[in-house]
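Chemist: just to be clear, the model below is a prediction. Sequence and coordinates:
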Amino acid sequence: MWARRPEMALEIQEAKRNSRYLPGINLPRTISATPDLATSLDAAEQVYVCVPSQSAREILKTVRPWSRTPRCRSSR
């Protein structure tokens, strides 16, 4: 999992929690997080972009260089 903020990646990696956006929720013990986008996308077969709509364009532009076969689905 990629987290833009290093402190959030560290919390997810070490505590398996995301207290800012998912307070009180324990994440799976098998989940790992990194603030390095290239590392998180390196061997990815699928990419799910879950961001607020106002951030989507910026994030998708950032992810695009690692995209092999662009396919897009969106929901409201």
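Modeler: Now that the structure is in, tell me what you want to look at. This structure is a prediction, so every number in the text was calculated from the model and none was measured.
Chemist: where does the closest residue to residue 6 other than its chain neighbours land on pLDDT?
Modeler: Using Cβ to Cβ, 6 or more residues apart in numbering and skipping the chain neighbours, the partner closest in space to residue 6 is residue 35 (4.2 Å). The C-beta positions use only the backbone N, C-alpha and C, and glycine is treated the same way. Looking at residue 35, its pLDDT is 94.
Chemist: burial check on residue 35, number of neighbours?
Modeler: 16 (other Cβ atoms under 10 Å).
Chemist: swap in residue 51?
Modeler: Neighbours of residue 51 using other Cβ under 10 Å come to 12.
Chemist: quick check: the residue lying closest to it once chain neighbours are set aside vs residue 24, distance?
Modeler: In space, and not counting its chain neighbours, residue 51 is closest to residue 59: 5.1 Å by Cβ to Cβ, 6+ apart. Between residue 59 and residue 24 the distance, using Cβ to Cβ, to the nearest Å, works out to 26 Å.
Chemist: when those two are compared, which one has more neighbours?
Modeler: Taking other Cβ under 10 Å, residue 59 and residue 24 do not tie; residue 59 has more neighbours (16 against 6).
Chemist: all helices of the protein, in order?
Modeler: Per DSSP state H, the chain carries helices over the ranges 6-15, 37-41, 53-63.
Chemist: good, wrapping up.
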